[in-house]
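okay, here's the prediction I keep looking at, along with the sequence it came from:
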Amino acid sequence: NAGVMQNPRHLVRRRGQEARLRCSPMKGHSHVYWYRQLPEEGLKFMVYLQKENIIDESGMPKERFSAEFPKEGPSILRIQQVVRGDSAAYFCASSPRTAPYNSPLHFGNGTRLTVT
Amino acid sequence: SQQGEEDPQALSIQEGENATMNCSYKTSINNLQWYRQNSGRGLVHLILIRSNEREKHSGRLRVTLDTSKKSSSLLITASRAADTASYFCATDGTDKLIFGTGTRLQVFP
């Protein structure tokens, strides 16, 4: 049973370009969470999605950031017009049900975004 | 925010010693989870303890929860060099897990 797959593992973008981060959840998991981690810091919640629905995007900046989890295919975190401050590790996690309710999260190994 | 705060921020010990990490949080919870993160990798779930439980064991891990003090501790007994990692507690916010700032554990052989 494959785990959560994220790609690419490393992504380098120049300021102003777009970054697309992909996440395929574990088989049978319909809940996807995106977190962001700066060096030596904890994970900050960004967005929670179920298939075709954004449930909670309270941690995602209103501008330049968007996320989707279509009926078919991976979840996508999209960052438009990247700035140096977007440089971070972005982690995707999935669960078979809403995470807080007695269900652990399964994490991918992250995408490390570097903006030059 | 219900973000947990781990203490200490960093911990260095010798192999064979025990490591204790603490987590404090701010509001009431349904459960608390502990995760481990090796350098450059994603988080791995270690243990979940429900609010009506006081202690839970898994192998060399022992977790306690004191809801009156809003705190939890993770004890790793007989540590190994392979236990070197960052450890995070996570509490249940509305529809999501809120992670603490982490404890970086270094175990020297």
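Sure, I can see it.

next SSE downstream of whatever helix or strand residue B:88 lives in?
Using DSSP states H and E, residue B:88 sits in strand B:85-93. Moving toward the C-terminus from strand B:85-93, the next helix or strand (DSSP H and E) is strand B:96-99.

partners of that following strand, with directions?
strand B:85-93 (antiparallel) (DSSP bridges).

is stretch B:47-60 anywhere near chain A?
Yes. Against chain A, stretch B:47-60 shows contacts by CB under 8 Å from any CB of the partner chain at B:48, B:50. In this view, the C-beta of every residue, glycine as well, is placed from N, C-alpha and C.

just the pLDDT for the most centrally placed residue in chain A.
In chain A, the centroid-proximal residue (CA atoms, centre = their mean) is residue A:34; its distance is 3.4 Å. Reading off the confidence values, residue A:34 has pLDDT 97.

roughly how far does it sit from residue B:61?
28 Å (CB to CB, to the nearest Å).

in the chain, which spans are strands?
Reading this off chain A. Along chain A, the stretches classed as strands by DSSP state E are A:5-7, A:10-13, A:19-24, A:31-37, A:43-50, A:53-56, A:65-68, A:75-79, A:88-95, A:106-107, A:111-115.

let's do chain B instead
B:5-7, B:10-14, B:19-24, B:31-37, B:43-50, B:55-58, B:61-66, B:71-76, B:85-93, B:96-99, B:103-108.

who's the residue nearest to the centre of chain A bridged to?
residue A:47, residue A:92.

and it, how far from chain B?
10 Å (CB to the nearest CB, to the nearest Å).

that residue and residue A:76 touch, don't they?
No. With contact defined as CB atoms under 8 Å, residue A:34 does not reach residue A:76; the gap is 9.8 Å.

intersection of neighbour lists for those two?
A:23, A:67 (CB atoms under 8 Å, 6 or more residues apart in numbering or on different chains).

what's the closest non-adjacent residue to residue B:45?
Leaving aside its sequence neighbours, residue B:45 sits nearest to residue A:104 (CB to CB, 6 or more residues apart in numbering or on different chains; 3.7 Å).

so what's the residue count around the one you found?
20 (other CB atoms under 10 Å in any protein chain shown).

near chain A, which residues of chain B? Just list them.
Checking chain B against chain A by CB under 8 Å from any CB, the hits are B:3, B:30-31, B:33, B:35, B:40-45, B:48, B:50, B:88, B:92-102, B:104.
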